[in-house]
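Participant: generate coordinates for the sequence data below:
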Amino acid sequence: MKILVLLVLSTLGTASINHLFGTFSEPTQTFVVGYEDQASCDSDGGQWDTEMEMCFFDAENTVELKEENGKIKLLVDTIGSNAHSCSFEGEAVQTTASQFVSKVDSTEYDQDENGNWVEIPVVCEVTVDFLDENSVTVDNNGKCREFCGMRAWLSVDKATRK
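Facilitator: Numbers count the residues shown, from 1 in each chain. Below you'll find the model as predicted:
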């Protein structure tokens with residue numbers, strides 16, 4: 001009898017996680033410097049801002065949670081200014097009914113007392129919080145720059161299920 005109860009509870013636990021898996025999207029915009037005029041911006045599908053003299057493009061930040069080989073995998077892709085991007089991938093664990101966390105070894109750089117740049121090992125921690133079953137936010141512990149280009153951030157305000 002105890003084995004049967006454990007199997008039922010285990011199956012229910014898995015089902016509650018599986019319904020959260022999927023891909024989520026947050027519409028955003030990025031600008032690209034270097035366009036000299038509206039005509040060249042328009043020809044590439046951008047929107048010209050006359051006042052700023054910059055070309056803007058529609059883009060999207062994406063978050064994906066999926067099961068792969070019995071593990072939960074998190075993928076986050078974001079785009080920032082001048083089309084710089086972040087791309088993160090890591091194994092995740094469910095920490096609460098509405099939260100998943102992925103911790104990945106990373107590196108930061110700082111100067112030592114002699115002014116030489118040195119690598120500092122850190123842990124990048126990315127947190128996905130469900131606002132409801134169909135929308136998520138993404139934040140990190142500030143140790144994830146290795147996954148991002150300049151002017152890009154590994155965060156998502158609100159992505160909705162695709």
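Participant: quick one: the strands in this protein, in order.
Facilitator: Using DSSP state E, the strands of the chain run over 22-32, 47-49, 54-68, 71-79, 85-96, 99-111, 117-132, 135-140, 156-161.
Participant: report the angle between the last one and strand 54-68.
Facilitator: What it means is strand 156-161. With axes from the mean of the first three to the mean of the last three C-alpha atoms, to 10 degrees applied, the angle from strand 156-161 to strand 54-68 works out at 60 degrees.
Participant: sheet partners, orientation included, of strand 156-161?
Facilitator: Strand partners for strand 156-161, identified by DSSP bridges, are recorded as strand 22-32 (antiparallel), strand 135-140 (antiparallel).
Participant: please point out which parts of the shortest one sit buried.
Facilitator: Across strand 135-140, burial judged by 16 or more other C-beta atoms under 10 Å covers S135, V136, T137, V138, D139, N140. C-beta here means a position set from N, CA and C on the backbone, and glycine is covered the same way.
Participant: nearest to E108 among the residues you listed?
Facilitator: The nearest member of these to E108, counting by C-beta to C-beta, is N140 at 13.0 Å.
Participant: separation between the closest one and I17?
Facilitator: When distance is defined by C-beta to C-beta, to the nearest Å, N140 is 22 Å away from I17.
Participant: D157 now?
Facilitator: From D157 to I17 the distance is 24 Å (C-beta to C-beta).
Participant: ok, back up a step: can you lay out the buried residues of strand 135-140 as JSON lines showing pLDDT and distance to G45?
Facilitator: Formatted as JSON lines, the buried residues of strand 135-140 follow (pLDDT from 0 to 100; distance: C-beta to C-beta, whole Å):
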{"residue": "S135", "pLDDT": "98", "distance to G45": "28"}
{"residue": "V136", "pLDDT": "98", "distance to G45": "28"}
{"residue": "T137", "pLDDT": "98", "distance to G45": "29"}
{"residue": "V138", "pLDDT": "98", "distance to G45": "27"}
{"residue": "D139", "pLDDT": "98", "distance to G45": "31"}
{"residue": "N140", "pLDDT": "98", "distance to G45": "31"}
